[in-house]
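Asks: quick one, structure for this:
(chains A and B)
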Amino acid sequence: NAGVTQTPKFRVLKTGQSMTLLCAQDMNHEYMYWYRQDPGMGLRLIHYSVGEGTTAKGEVPDGYNVSRLKKQNFLLGLESAAPSQTSVYFCAVREVFSGANVLTFGAGSRLTVL
Amino acid sequence: SQQGEEDPQALSIQEGENATMNCSYKTSINNLQWYRQNSGRGLVHLILIRSNEREKHSGRLRVTLDTSKKSSSLLITASRAADTASYFCATDRVQGAQKLVFGQGTRLTINP
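Replies: Residues are numbered from 1 along each chain as shown, chains lettered A, B, ... in the order given. As a prediction, the model looks like this:
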């Protein structure tokens, strides 16, 4: 998934610990998104950003915070991890083709909270 | 809430057969897209169909859209083992504020 890099790829946390997932893009796109993917639930939008310095809530924002201090980076933070946050997290950037919004995804970050 | 609902949830066919997946949605859309996800990887955009289009082709992919029924189908012809993946529809809603909403996906297995 050239252009969108997520780190780390895997992480195991204990309940109550904090961590930050980093999404970095090299394509200069304005819009960036964080989704989580759970079995049988598809992808659900956590937070998104429409440009540097802006963030907005998605469908399932509780328990997460985000920051977009630099255009290239979109950070997803868990202040106090809970087992319900065990999931695979995907970052995406929006590209526009002929006026339509299309997403390019990173490879994912698998998080396990014990 | 999920906009797109795919069916079937899982589909297993023999190599060379055609695979059809369906997606239903609830609200007015600008376009509908299909993405593929190989195991352990991110989603990859396959094809997009706009609300004023009824059918679109790309290689072995054929997508149809029926806005009156709020449904779409993805047909993969002459399937190959490499087509084994999960397939997701995503809707770009008219009131969607630049956010795509994904369905739960169809897990496709192509048996050699």
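Asks: when you work out contacts or count neighbours from here on, use the C-alpha atoms and nothing else.
Replies: Noted.
Asks: residues contacting stretch A:67-79, please?
Replies: Residues from elsewhere that reach stretch A:67-79 (Cα atoms under 8 Å, 6 or more residues apart in numbering or on different chains): A:16-30, A:32, A:34, A:49, A:51-55, A:63-66.
Asks: among those residues, name the buried ones.
Replies: The neighbour count (16 or more other Cα atoms under 10 Å in any protein chain shown) marks A:21-25, A:29, A:32, A:34, A:49, A:51-52, A:55, A:64-66 as buried among those.
Asks: in these, find the pair that's most separated.
Replies: Across the buried ones among the contacts of stretch A:67-79, the longest distance by Cα to Cα is 22.6 Å; it joins A:29 and A:64.
Asks: what bridges to residue B:33?
Replies: With DSSP bridges as the criterion, residue B:33 is bridged to residue B:48, residue B:90.
Asks: out of the contacts of stretch A:67-79, which are inside strands?
Replies: Counted as lying in strands by DSSP state E, out of those, are A:19-25, A:32, A:34, A:49, A:65-66.
Asks: check which residues of stretch B:55-65 are buried.
Replies: B:61-65.
Asks: near chain B, which residues of chain A?
Replies: Residues of chain A found near chain B (Cα under 8 Å from any Cα of the partner chain) are A:1, A:40-45, A:59, A:90, A:100-108.
Asks: now which of the residues you listed would you call buried?
Replies: With burial judged by 16+ other Cα under 10 Å, the buried subset of the residues of chain A next to chain B is A:42-45, A:90, A:100-108.
Asks: for residue B:99, give me its contacts.
Replies: B:92-93.
Asks: what is residue 19 paired to in the beta sheet?
Replies: All of this is about chain A. Taking DSSP bridges as the rule, residue A:19 bridges to residue A:78.
Asks: meant chain B actually
Replies: Counting by DSSP bridges, residue B:19 is bridged to residue B:76.
Asks: is it correct that it is in contact with residue B:80?
Replies: No - at 10.3 Å, residue B:19 does not count as touching residue B:80 under the criterion of Cα atoms under 8 Å.
Asks: comparing these two, which residue is more hemmed in?
Replies: residue B:19 (21 against 18; other Cα atoms under 10 Å in any protein chain shown).
Asks: let me know the pLDDT of the closest residue to chain A within chain B.
Replies: Nearest residue of chain B to chain A: residue B:104, at 3.8 Å (Cα to the nearest Cα). Here, the pLDDT recorded for residue B:104 equals 91.
Asks: that one contacts residue A:44, correct?
Replies: No - using Cα under 8 Å, residue B:104 is not in contact with residue A:44, being 9.5 Å away.
Asks: what kind of secondary structure is residue B:82 in?
Replies: Secondary structure state of residue B:82, per DSSP: H, G, I helix; E, B strand; the rest coil, is helix.
Asks: so the closest residue to it other than its chain neighbours is in which element?
Replies: Among residues not flanking residue B:82 along the chain, residue B:110 sits closest, at 7.8 Å (Cα to Cα, 6 or more residues apart in numbering or on different chains). Following DSSP states H and E, the helix or strand that holds residue B:110 is strand B:106-111.
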